[in-house]
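Novice: What follows is a predicted protein model with its sequence.
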There are 2 protein chains.
Amino acid sequence: MTYAKTAAFTEEQQHLSRVAKALAHPARVAIIQLLASKQTCISGDIAAELPLSRTAVSQHLQELKALDLIRGEIDGLTVCYCLNTELLQRVHQQFTAFFLEATSGAACGPDDACAC
Amino acid sequence: MTYAKTAAFTEEQQHLSRVAKALAHPARVAIIQLLASKQTCISGDIAAELPLSRTAVSQHLQELKALDLIRGEIDGLTVCYCLNTELLQRVHQQFTAFFLEATSGAACGPDDACAC
DNA sequence: GAAGTATGTCGCAAATATACGACATTGCAT
DNA sequence: ATGCAATGTCGTATATTTGCGACATACTTC
């Protein structure tokens, strides 16, 4: 596969990029925000709120579920999706660690000049 | 394009997903970490450190540069890349806001049961 | 100016991602 | 049982991403 050399990267790097990929589509960001805002973990109403076909939304939901960022519970005929806040918190910490590492180091000079 | 309906999403959602996409590949995560760790904003040495061809690395660099997450300064024959820490800090804030929003709301019940 | 090196761009091939209609499945109601 | 509604999966078409060799460009050195 095109990702043949993925194994050559750190497990940390791979995980971060995997989660980032989950957020790499506005629909999935919107889904998470929707789930966060609605008190009820709406089911197919999600599809109604998004400018996408029900099929496409379902696939985005599956992608998020595959990473366990959200969870679905079958409630009779409908399905309730909700956020996995524990995982999201852990992911938040990882992103924070990454950004702190990236922003603490040396950067461009004041006039966009590199220090090297 | 397949993204025809992208415009239907919030500007915030689009921006977040765009940055997330930039981090959606381990090589790009690795590049940022490399730039953060090295005091000197190495140039083509980046390619040497990654398990990818120089061409592929160059393309990843261009993608990061397109979002202004990194900047390149030509220094004679070599090119110095460095992190745009200011932007990274702003991005960090956006991600934090997103995750706080996502983790503060109602979540699954204690036994993975939704509250609806 | 000629040769050599560091970079970036172009063109192509293969892998993924995205979107959606059609179909299968499951549960509720009559 | 039968019919209807809510979901998910499959197959398929199109767009995007990824990777790399080949080539073009720019600069240094001799």
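Specialist: Perfect, thanks for sending it.
Novice: okay, CA-based contacts and neighbour counts for the rest of this
Specialist: Fine.
Novice: Where do the strands of chain A begin and end?
Specialist: For chain A, applying DSSP state E gives strands covering A:70-75, A:78-83.
Novice: Of all those strands, which one comes closest to residue A:46?
Specialist: Closest of the strands of chain A to residue A:46 is strand A:78-83, at 9.3 Å (criterion: Cα to Cα).
Novice: still on that earlier bit, how about the strands of chain A in TSV, adding mean pLDDT?
Specialist: Formatted as TSV, these follow (pLDDT from 0 to 100):
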stretch	mean pLDDT
strand A:70-75	92
strand A:78-83	94
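Novice: and chain B, which of those strands is closest to it?
Specialist: strand A:78-83 (5.3 Å; Cα to the nearest Cα).
Novice: tilt between that closest one and strand A:70-75?
Specialist: 150 degrees (axes from the mean of the first three to the mean of the last three Cα atoms, to 10 degrees).
Novice: Neighbouring strands - and their directions - for strand A:78-83?
Specialist: In the sheet, strand A:78-83 lines up against strand A:70-75 (antiparallel) (DSSP bridges).
Novice: Which parts of the partner strand count as buried, going by neighbours?
Specialist: Buried residues in strand A:70-75, counted by 16 or more other Cα atoms under 10 Å in any protein chain shown: A:70, A:71, A:72, A:73.
Novice: tell me, which of these make contact with DNA strand D?
Specialist: When contact is defined as Cα under 7 Å from any atom of the strand, the buried residues of strand A:70-75 meet DNA strand D at residue A:72.
Novice: Of the buried residues of strand A:70-75, just say which sits nearest to DNA strand D.
Specialist: Checking the buried residues of strand A:70-75 against DNA strand D by Cα to the nearest atom of the strand gives residue A:72 as the nearest, at 6.5 Å.
Novice: can you tell me which residues contact that closest one?
Specialist: Neighbour list for residue A:72: A:65, A:79, A:80, A:81, A:82 [criterion: Cα atoms under 8 Å, 6 or more residues apart in numbering or on different chains].
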